[in-house]
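3D model of this:
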Amino acid sequence: MTRLARHGAALLGGQLWNWHPLQGGDLAQTLLVYLNDGRRVVVKNGPDPMAEATMLRTLGQTGAPVPEVLAVDGDALVLQYLPADGPLAPCWGDLGRVLAQVHTGRPPEGATRYGWGTDYALGTLPVTNAWTDTWPRFWAEHRIGVHLAHVNIDLAHQLERLMHRLPDLLPATPAPSLLHGDLWGGNVLVSARRVTGLIDPCCHYGHAEVDLATAGVFDRPAAAFFMAHGPLEAGYEARFAIYRLWIALVHLRLFGATYRPLVAHCLDGAGVG
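Sure thing, here's the model as predicted:
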């Protein structure tokens, strides 16, 4: 980790004074780095620092709070340090407001299409983002079908049944909103009862309900969260289960059988359990 800290300092033209690891770091090394000139920054590696920098800048263009990208190359991303000393519990309403800002983002040239300009990864797991003209096709191909070859045969059959039903369960052409794409409490920085930054994005353009759904995978968002973002559309419960299923499958593949019950719960909610 010292090598990463020293590299981050060098990208800023500074010299390393000290560093320590930050919480999290399941999929990347993330360090709080102190430079000899007094600067304090966050340095992280990850599957694709350049792509992550682009995602953070795109999120920031909507007015949403994100850490400023101070430097980046193929090995490290250097970010502004943002305060993160508060709990999320009293800030759900503010997070809903921030997400509403994020979701105003639209694909380049205003086209109605779904995806992102490049593929990405979560740890060792590839995330494909090729553009599609309909939302159910994007979700079927890039968030469900990509797992078929990596799960047991019974689960693969359940996923295939769900994929065939997606045109009936998901809107065909919802407004293609900019999505954080991996939104949960650990990727939200909070201080002084407000959201100070969104981090660790996995951006793509898609149905805004994705971020609303995944916020509830590991947390219980307060009603203020949904009220601040806007009214939920009828039938959201099944769609939330479908969107949370992707997170569950990613965790199943990265971290093992502990996440099988979560996958099963999502499949039940989607009506294919």
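
which phi and psi does the residue nearest in space to the middle of the chain have?
Centroid-nearest residue in the chain, with C-alpha atoms, centre = their mean: D182, separated by 1.8 Å. Dihedral pair for D182: phi -150, psi 50, per degrees, to the nearest 10.

now do the SS call for the residue lying closest to it once chain neighbours are set aside.
Counting by C-beta to C-beta, 6 or more residues apart in numbering, D182 lies nearest to C202, which is 4.0 Å off, once chain neighbours are set aside. C-beta coordinates here come from the backbone N, C-alpha and C atoms, glycine included. Look at C202: counting by DSSP: H, G, I helix; E, B strand; the rest coil, its state is coil.

what ranges do the strands span in the stretch 101-250 of the chain?
Taking DSSP state E, counting those that start in this stretch as the test, the strands found in the stretch 101-250 of the chain are 120-122, 125-127, 177-179, 188-191, 194-198, 204-206.

which of the three states applies to V78?
With three-state DSSP as the basis, V78 sits in strand.

for it, which residues count as its bridge partners?
For V78, the beta-bridge partners under DSSP bridges are V43, A71.

the residue nearest to D182: neighbouring residues, count only.
Applying other C-beta atoms under 10 Å, we find 23 residues neighbouring C202.

just checking, it touches W184?
No - look at C202 against W184 with C-beta atoms under 8 Å: they stay out of range, at 11.0 Å.

and Y34, that one's in a helix?
No - Y34 is assigned strand when assessed by three-state DSSP, not a helix.

any idea how far it lies from G145?
45 Å (C-beta to C-beta, to the nearest Å).

what kind of secondary structure is V98 in?
helix.

could you check the pLDDT of it?
V98 carries a pLDDT value of 98.

so what's it up against?
Under the criterion of C-beta atoms under 8 Å, 6 or more residues apart in numbering, the neighbours of V98 are 64-65, 195, 198.
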